[in-house]
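Q: Prediction below, plus the sequence it came from.
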Amino acid sequence: MPSPGEPGPPPIHNDDVDWDSWPVEDYLAENYRELHPCDAAVIAHHCAFYRRIPPGSIARSLEFGAGPNLYPLMLAASASRRIDAVEAGAANVAYLSKQLRNGPDAGWLPFYELGRRLDPNLPADLSTALSRVRVVHADVRAVEPGGYELASMHFVAEGASEDFAEFTEFCGRFARSVVPGGRLVAAFMENMPTYRIGCDSWWPGCPVDPDTVREVFAPLTEELTVTRIDSDPTLPDYGDSGMILLTGRTPSPPGRCG
């Protein structure tokens, strides 16, 4: 530990991390083997967002840094005819590809059943919803600007780096991935420090709060909404204080409304 007045260690940046070794099974076991109250709150928030979009009206949507979490992908099927799950980590790509190839684990069914109750525009079954997903093994920083009509991001920008400037960069790339007037929906861990998964696996965190998220996205969006939910005592204590939920649209080109 540095003495008072001495600088601490430099922040961990995205490129310092071996994302191919992400501990998929530990992460799923700690977070997604059951439907936690925080997941239900995120699903309710997102279903309200997707219900405002005509079914099948989005030709191509993006999951920006998909990880192994299936529920953002399944919810996007309400509005999207194709969903690109862009993910850099090899272990996450392998898990997603297996889920699509062999069928989703039964543990994901309660997530989808809740989504279906809240958004009847979702397909009748989970496998049909996931059939619209294409796994793309790539760094999200290589995503083409303006290539999508809708983009979704979950626990990525604040978990990719300890550096706030890099958090801001990831948020900007996420917003620029959609066309002018494109739709955005996202979730962030609130005040997330560097944290541990499993017994000895440490990962970077950049603590942010609703005001921080609002300030970063205000110049990138219009129709911006930022809300939060409290921390969930049924989850491991990673040091966060809850979740931050966002919706918005990128500015429409001149002369276009809505």
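A: Happy to help now that I have it. Values in this document were obtained by computation on a predicted structure and should not be read as measured data. Numbering: from 1, shown residues only.
Q: Could you give the number of residues near Tyr32?
A: By other Cβ atoms under 10 Å, the residues close to Tyr32 number 18. Bear in mind the C-beta positions are built from the backbone N, C-alpha and C, glycine included.
Q: Contact partners for it?
A: By Cβ atoms under 8 Å, 6 or more residues apart in numbering, the residues touching Tyr32 are 39, 68-69, 71, 107-108.
Q: Could you give me the buried positions within the biggest strand by length in the chain?
A: Ranked by residue count, the top strand of the chain under DSSP state E comes out as strand 178-189. For strand 178-189, burial by neighbour count (16 or more other Cβ atoms under 10 Å) applies to 178-179, 181-189.
Q: ok, now which ones touch the most centrally placed residue in the chain?
A: Ranked by distance to the mean C-alpha position of the chain (Cα atoms, centre = their mean), the top residue is His154 at 1.4 Å. Neighbouring residues of His154 by Cβ under 8 Å, 6+ apart: 63, 65, 67, 69, 72, 186-187.
Q: Just those: which are in strands?
A: Among these, the members falling in strands (DSSP E) are 63, 186-187.
Q: Out of the residues you listed, which is nearest to Asp211?
A: Within the ones in strands among the contacts of His154, the smallest distance to Asp211 is 15.7 Å, found for Ala186 (Cβ to Cβ).
Q: can I get the CA coordinates of stretch 215-225 in PDB?
A: In PDB, the C-alpha atoms belonging to stretch 215-225 read as follows (Å, rounded to 0.1, in the frame of the first residue of the first chain):
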ATOM      1  CA  GLU A 215     -23.000  13.000 -17.700                       C
ATOM      2  CA  VAL A 216     -21.200  10.600 -20.000                       C
ATOM      3  CA  PHE A 217     -24.200   9.900 -22.200                       C
ATOM      4  CA  ALA A 218     -25.900  13.300 -22.200                       C
ATOM      5  CA  PRO A 219     -23.800  14.600 -25.100                       C
ATOM      6  CA  LEU A 220     -24.200  11.300 -27.000                       C
ATOM      7  CA  THR A 221     -28.000  10.900 -26.700                       C
ATOM      8  CA  GLU A 222     -31.400  12.400 -26.600                       C
ATOM      9  CA  GLU A 223     -34.500  11.000 -24.800                       C
ATOM     10  CA  LEU A 224     -32.000   9.800 -22.100                       C
ATOM     11  CA  THR A 225     -33.300   8.000 -19.000                       C
END
